[in-house]
Every structure is written in structure tokens, then in C-alpha cells.
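**Student:** 3D model of this:
(2 chains)
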Amino acid sequence: MATRDSLIKVTDLKKHYNMGTIKALDGITTEIFKGDVMAVIGPSGSGKSTFLRSLNLLEEPTDGSIVFDGIDITKKKYVDANGKTVNLNIDLLRQKMGMVFQHFNLFPHMTILGNMTLAPMKVKGMSKDEAEEKALALLDRVGLKDRAGAYPIQLSGGQKQRVAIVRALAMEPEVMLFDEPTSALDPEMVGEVLDVMKELAQEGMTMVCVTHEMGFAREVGNRVLFMADGLLMEEGTPEQVFDHPQNPRLQDFLAKVL
Amino acid sequence: MDSFIKLSNFPKLLPYAQLFWQGILVTVLLSVFTVVIGFCIALLLALMRLSNFCPLRFLGLDKNGHRKQRGFLAAVGRFNPLNFLATAYVEILRSTPVIVQVFIIYYGVFSLIKLPSVILFGFIRFDRFFPGVVALGLNSGAYLCEIIRAGIQSIDGGQTEAARSLGLSQAQNMRYVILPQAVKNILPAIANEFVIIIKESAITYTIGVQDIMSAVNAVKGATFIIIEPLLVATAIYFCLCFPTSKLIAYFERRMSRGDKR
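**Tutor:** Numbering: from 1, shown residues only, chains lettered A, B, ... in the order given. Predicted coordinates:
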């Protein structure tokens, strides 16, 4: 494989709870490259979600480093290109990382359009017209333009998750993080959300997906991470991981889910 | 047996009707201002209690810049002076009698600050009314703080996570995402606090605010009739509080219906 640009470099990432008695992450080292579609699989409680949430610091790591765009984001300060020490602006960083949650987390007191335009207007300072135009274009892409004036509660689960995806896209992130985006959906709605994600992957978006959809991981992902007990047990292409699993934990896991 | 209520006494109160009307107005104004001041104080206190301001944070970091897990310095690093002050305020105000607070504010604080002796609407003595509002406002601020804090904490954490992951700052998250939802949830509780304040405001007659209770006192002093004016006051307080709480219950039902759109 040709050399690719590194986007996120994770080194020995640890997350401990309760004075270190619970080790959700116990030393994860991996690298995410531009254009990667990385599927993170593993049994529940393996630390997949914690790993994903650490990437944009929704969880503060106990130890280790995450280098994103050349900056170690686990530190409060960093040295910029001019050699000056500046405070890390966490909000600026999170703009570049879109995140989609299992439970959608749309803002219930705002319309779909309001949900989509809030961050572009308040964070990026976009004008209302510009933000709405962009939001409608994005909604059109996922076939929900006619629901722009609706409230989240009026939408189905699948529709909500599609809105959540384009809401994150409205900030034009460099990488999209998906935290079990289809786990809270009725089975018949899983497909519509996966289709949107597939399309996104084909357009070259860098994606990290914690998922239980093995079909999706195999078909769309170019890399698969298998985690268990807070450790990265195996990593490889979908063929390697699904067809020739080496780690006994992975073999056991695949026997159960496939 | 002699009844302790003499119907013949009620007509004797008629000349003092004006006092009661003025008392009602004072009580209502007092309660409204108290709730407004109380809400502003409470919002500030609640945000202080939920803030993440740890100036000594650097003491609790290890050499790699990560937070220490245990030890004295880890506790020092987590110390939040804003939260400490707000919590102390709330606990002190909630653990002492209102009348003590009212007296301290009136005889203590406002003996240092000279208020102009303005008469509002021709009968409200500003130099009594204002300390009353301040004292009750400070008191209800402590109670409302806990209501607001609970309201904010009742909003699903996923909302904050979604807002922050979109790049909104902590303040923007509060203002655009959390507070609009929280305020809707806590409006009934705030309205209930309003009813409580209407009743509690009776205490301010002790510092010379001419509310309903002070009208009772005036009648008592002039005519030596006690029970009958008290019954009138009881009726007035009931007529103020009962419909208000029924109104709140009505709006509460309507608002929860809105959620099920």
C-alpha cells in the first residue's frame, strides 16, 4: 500500500476509572490515515466506545497521547509552528471531528433545520441564509429535505440518525466518528443509515466506526480493529480479520456473531 | 359556648378595606420581584455549582500532563472555588430561618446603605419594601438554585456530548442547548416557588413592609379585633395561592402534552 497521510496517531492510550481498578482502555496504539474507513469491533465492555470517545476527548484519557493534525490533544498546551506555546482549543479541535451517537442526540427543542444550522452559525459564524442553504443541500442528499421544518420527535429512528450524520457533516469535519450508529434502530431502518455511511465512505471521508454490523465492516471498511478487555487484540484488512483470524478471542467472537 | 368568631366584628373592618387592597398589591409586587431576583441569583449559583473551574488543576497533574488518580494533590487539583462558594451560600441560606435573614438584611446591611425614603404609588415605602425584596430574593435564590441545578442535570448527557462534538463551547452549549430545555422542565417548580414566596412574604411585615399581614396588624392596633382580620388575611392568601397553583397544574399538563406531539 502506498504511503498515506497520517491523521490521528494514538500511542499507548489508557483510560482508567475508580482509581485505576477499572481499565476501560489499557494501552491502545494505532494510527488512522486519511481516507481510512476503520471498523472497530469487539464484545461489549471491550472499550470500543471509550476508545472512540477519547479521540475527540469526550473521555479524558488517563495516560497516553493522541496526535491529531500534528498536535497532541491530550495535553492542555502545545507548541505551534512558530515555536510558541499555545493553549489547546478543544472546541476548534472537535469541529474537525464529526461524531454520530447511538442515540442520535438531536436537540429536541429545535427543528431539523435548527439542529443543522446551530453549530455552523454559532461556531463558524456562518450567516443564517448560508447555513440554511447548506443544511438543505445536505438534507436533500439523505432524502429528508421535506422534513426540514419537523421536530426530531416526529421522525423515525432511521431518519433521526440520517439527520445526525448530516448535522455533523455540516461542520465539514476531517474525520467522522460513529459510535454504534445503528444499534438503537429497528432492523428495517438499519439499511438506510448504512447506505448513507457507505456513500460517505465512497466519497473518501475518513471514518472510524464502532459497529456490530459485521457485513458493513467487511464490505465498507478497509481496516478492522478487534478490541477486547481494553486491549487492541487484532488489526488488519477485513479479509485478514474475518477470514483468517489469529487471536483466539477474535475467533471466539466471530464464531458467536457470524 | 361563646364563639371565638364574632360576625358582628366584620362590618367594623370595612373602614380598613383600603389597607387590605394595598396589602394585596404589596404582597403580589413583593412576590414577583422576589421571584425575578431569586431566579437571577439562582441561575448564577446553579452555573457556579455546575462549573468546571479548577484554578489549582495544575497541582493535580502528573509529569505527562494527565490528571493524577489519587492523593492529596489530586483532590486539590479538583477543588472548584466557585462550586464551593455557591454550595456554602445555598446550604447556609437553607439552614437558617427566613426571619433571621430578613432582620440581618434590614437591620444589618441596610443600616449601612441609606435608601431614599420614596413612597411608591402613594403607599409603598421603598426603604422597607426594597430590603424585604432583597432578603426574600436572596433566600429564594438558594432554593431556586437547587431547582435549576436539578433541571440542568436532568437533561440527557448526550445533548452536551452532541453539542460539544459539533464544536460548541461550554457556554454555547448551556445557552443554546441545555438551558432552553431545562427551563421548560423547571417552569412548574419555579411557579410553585412563587406560591411559596407569596406565603413567606408575610414575614416582611416585621420590618414594616405594608403587606397583607401589616394590614392585619394595623387593624388589631386600632380596634383590638384580632381573629376577624386574620380570617380576612387567610382568605386573601388562599385566593392568591390556590388559583395560582391550579393554573400551574393546568400549564404543566399542557406542556407535557406538547412533548408527545
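**Student:** going forward, measure contacts and count neighbours with C-alpha atoms only.
**Tutor:** Noted.
**Student:** So which bits of chain B are right by chain A?
**Tutor:** Neighbours of chain A within chain B, by Cα under 8 Å from any Cα of the partner chain: B:64-67, B:69-70, B:158-159, B:161-169, B:172, B:177, B:180-181, B:260-261.
**Student:** Helix or strand: which one has the residue lying closest to residue A:41 once chain neighbours are set aside?
**Tutor:** Sequence neighbours aside, residue A:226 is the residue nearest to residue A:41 in space, at 5.0 Å (criterion: Cα to Cα, 6 or more residues apart in numbering or on different chains). Assigning secondary structure by DSSP states H and E places residue A:226 in strand A:223-228.
**Student:** now the angle from the following helix or strand past that strand to strand A:223-228?
**Tutor:** Next helix or strand after strand A:223-228 toward the C-terminus (DSSP H and E): strand A:231-236. Angular relation of strand A:231-236 and strand A:223-228 on a 0 to 180 degree scale: 150 degrees, by axes from the mean of the first three to the mean of the last three Cα atoms, to 10 degrees.
**Student:** Strand A:231-236 pairs with which strands, and in what direction?
**Tutor:** strand A:223-228 (antiparallel) (DSSP bridges).
**Student:** what's next to the partner strand, contact-wise?
**Tutor:** Residues outside strand A:223-228 that contact it (Cα atoms under 8 Å, 6 or more residues apart in numbering or on different chains): A:36-43, A:45-48, A:217, A:232-238, A:241, A:249-250.
**Student:** May I see the ChimeraX selection of the buried members of the residues you listed?
**Tutor:** In ChimeraX, the members of the contacts of strand A:223-228 classed as buried (16 or more other Cα atoms under 10 Å in any protein chain shown) are selected with the following command:
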select /A:36,37,38,39,40,41,42,43,46,47,48,217,232,233,234,235,236,237,238,241,249,250
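**Student:** Find the residue at the geometric middle of chain A.
**Tutor:** The central residue of chain A, meaning the one whose C-alpha is nearest the mean C-alpha position (Cα atoms, centre = their mean), is residue A:177 at 0.8 Å.
**Student:** Name every strand pairing with the helix or strand containing that one and say which way it goes.
**Tutor:** Here residue A:177, judged by DSSP H and E, is contained in strand A:175-179. Looking at strand A:175-179 with DSSP bridges, its partner strands are strand A:97-100 (parallel), strand A:206-210 (parallel).
**Student:** which ones are touching the residue nearest to residue B:244 when sequence neighbours are not counted?
**Tutor:** Computed as Cα to Cα, 6+ apart, the closest residue to residue B:244 that is not its neighbour in sequence is residue B:195, at 7.0 Å. By Cα under 8 Å, 6+ apart, the contact list for residue B:195 reads B:241, B:244, B:245.
**Student:** Considering these, which possesses the most neighbours?
**Tutor:** Neighbour counts for those peak at residue B:241, which has 19 neighbours (criterion: other Cα atoms under 10 Å in any protein chain shown).
**Student:** Test my guess that the residue nearest to the centre of chain A contacts residue A:99.
**Tutor:** Yes - under the criterion of Cα atoms under 8 Å, residue A:177 is in contact with residue A:99, at a separation of 4.6 Å.
**Student:** Report the contact partners of the residue nearest to the centre of chain A.
**Tutor:** Listed by Cα under 8 Å, 6+ apart, the contact partners of residue A:177 are A:52, A:97, A:98, A:99, A:100, A:207, A:208, A:209.
**Student:** ok so, going back, quick one: the contacts of residue B:195 as CSV, columns for pLDDT too.
**Tutor:** Shown next, in CSV, are the contacts of residue B:195 (pLDDT from 0 to 100):
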residue, pLDDT
B:241, 92
B:244, 89
B:245, 88
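**Student:** Chain A: which of those is nearest?
**Tutor:** residue B:245 (26.0 Å; Cα to the nearest Cα).
**Student:** The closest one sits in which helix or strand?
**Tutor:** With DSSP H and E as the criterion, the answer for residue B:245 is helix B:227-259.
**Student:** May I see the buried residues of that helix?
**Tutor:** So for helix B:227-259, counting by 16+ other Cα under 10 Å, buried means B:227-230, B:232-233, B:236-237, B:240-241, B:244-245, B:248, B:252.
**Student:** Chain B contacts on the stretch 101-250 of chain A?
**Tutor:** For the stretch 101-250 of chain A, the residues in contact with chain B under the definition Cα under 8 Å from any Cα are A:101, A:103, A:105-107, A:109, A:119, A:122-123, A:153-154, A:168, A:171.
**Student:** following the helix or strand of chain A with the lowest mean pLDDT, which helix or strand comes up?
**Tutor:** Scoring the helices and strands of chain A by mean pLDDT, DSSP states H and E places strand A:77-79 at the bottom, with a mean of 79. Next in sequence after strand A:77-79, counting helices and strands by DSSP H and E, comes strand A:85-87.
**Student:** quick check: mean pLDDT across that next one?
**Tutor:** Strand A:85-87 comes out with an average pLDDT of 83.
**Student:** just how off-centre is it within its chain?
**Tutor:** Strand A:85-87 has its average C-alpha position 27 Å from the chain's average C-alpha position, going by Cα atoms, centre = their mean, to the nearest Å.
**Student:** Now distance to residue A:188 too, for the contacts of residue A:177, in CSV please.
**Tutor:** What follows is the contacts of residue A:177, written out as CSV (distance: Cα to Cα, whole Å):
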residue, distance to residue A:188
A:52, 26
A:97, 28
A:98, 25
A:99, 23
A:100, 19
A:207, 23
A:208, 23
A:209, 20
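**Student:** What backbone torsions are found at the closest residue to chain B within the stretch 101-250 of chain A?
**Tutor:** Across the stretch 101-250 of chain A, no residue is closer to chain B than residue A:105, which sits at 5.6 Å (Cα to the nearest Cα). Dihedral angles of residue A:105 (phi, psi; degrees, to the nearest 10) stand at phi 50, psi 40.
**Student:** so how far is residue B:197 from the most centrally placed residue in chain B?
**Tutor:** The residue lying closest to the centre of chain B (Cα atoms, centre = their mean) is residue B:140, at 2.4 Å. Between residue B:140 and residue B:197 the computed distance is 8 Å (Cα to Cα, to the nearest Å).
**Student:** With residue A:222 instead?
**Tutor:** Using Cα to Cα, residue A:222 is found at 64 Å from residue B:197.
**Student:** okay, these two: which has more neighbours?
**Tutor:** Higher neighbour count among residue A:222 and residue B:197: residue B:197, with 23 against 17, using other Cα under 10 Å.
**Student:** where's the residue lying closest to the more buried one once chain neighbours are set aside, which helix or strand?
**Tutor:** Sequence neighbours aside, residue B:31 is the residue nearest to residue B:197 in space, at 5.8 Å (criterion: Cα to Cα, 6+ apart). In this assignment (DSSP H and E), residue B:31 forms part of helix B:17-49.
**Student:** what does whichever helix or strand comes after that helix contact?
**Tutor:** Towards the C-terminus, the helix or strand next in line after helix B:17-49, according to DSSP H and E, is helix B:72-78. In this structure, residues lying in contact with helix B:72-78 by Cα under 8 Å, 6+ apart are B:54, B:55, B:56, B:57, B:58, B:59, B:60, B:61, B:67, B:68.
**Student:** My read is that the third one contacts residue B:81, right?
**Tutor:** No - no contact is recorded between residue B:56 and residue B:81 when judged using Cα under 8 Å, the distance being 9.6 Å.
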